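>>> Curious how this folds, go ahead:
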Amino acid sequence: MEKQALLNESPKVFKALAKFLTPTELRQLSEDYQTAKDLGGDVEIGLTREEGVSYNPRLARVLLILARDLGCTDIEIYRAALYAAVFDSGLGATESATSSDLGGVPDQIRELVARAEGWQEDDTISSSIRGVIALDAVRHLHLTRLEALQRESILEDLEDKVISKLKSSAAEILVQKLQVAINLQRRRLAADRA
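Numbers count the residues shown, from 1 in each chain. Here you go, the predicted model:
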């Protein structure tokens, strides 16, 4: 298994994480990154990118939001977020794997995925992970091939389900960033319709 995918694909993200993670934690997170990638965590539903344009893969962006936007330093939150991204597109759907259908995956990874799935329960960390994944998805929604009505429906769903849960968990900065991203996407939708 390629354990350097995080470093090779997103050196700036790797260096940002290296500022506060120990070498052992960074090695573990790099292994988790590759495993989550192998399980489909980098899949971006309906997203089209211009050929030759440089970008951070989805999993790296999720890690970067946790580091830069939330100031997270807990390795277990990073690990859970990687595996949450495997089954959570951030668009209000779960098109990929869940802990119940990760056949052949080590128990430790199953446990992390199950913990990350717990966002549906009333849990601050899980709600924040769900919010981070949603924030990344919203920031890239305009790059998808989804119809305007589908995008608007996604934005409404995220406000109803994700933002309301985040407000109850006191994740103010994440609520603000997610609301700004949703408002920006709505302005883009309005401009497209004009």
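>>> can you pull up the bridge partners for Thr144?
Leu47 (DSSP bridges).
>>> Sketch out the low-pLDDT regions of the chain for me.
Within the chain, the stretches with pLDDT under 70 are 1-3, 49, 52-53, 93-110, 112-123, 168-170.
>>> what about the helices in it?
Along the chain, counting by DSSP state H, helices occupy 5-9, 11-18, 23-38, 58-64, 75-87, 107-117, 124-139, 148-157, 164-168, 172-193.
>>> chain center to the third one: distance?
The reference is to helix 23-38. Offset of helix 23-38 from its chain centre (Cα atoms, centre = their mean, to the nearest Å): 15 Å.
>>> Same check on stretch 143-158?
How far stretch 143-158 lies from its chain's middle: 17 Å, per Cα atoms, centre = their mean.
>>> Sort out which residues of it are buried, please.
Neighbour counts over stretch 143-158 (16 or more other Cβ atoms under 10 Å) mark Thr144, Leu146, Arg151, Ile154, Leu155, Leu158 as buried. In short, each C-beta sits where N, CA and C put it, glycine included.
>>> cool, and stretch 155-171?
Neighbour counts over stretch 155-171 (16+ other Cβ under 10 Å) mark Leu155, Leu158, Val162, Ile163, Lys165, Leu166, Ser169, Ala171 as buried.
>>> first to last residue in it, what's the distance?
Stretch 155-171 has an end-to-end distance of 19 Å (Cα to Cα, to the nearest Å).
>>> Quick one: residues in contact with it.
92, 119, 122-124, 127-128, 130-131, 134, 138, 141, 174-175, 178-179, 182, 185-186 (Cβ atoms under 8 Å, 6 or more residues apart in numbering).
>>> hang on, the earlier thing: show me which of the buried residues of stretch 143-158 is closest to Thr48.
The closest of those to Thr48 turns out to be Thr144 (Cβ to Cβ; 7.3 Å).
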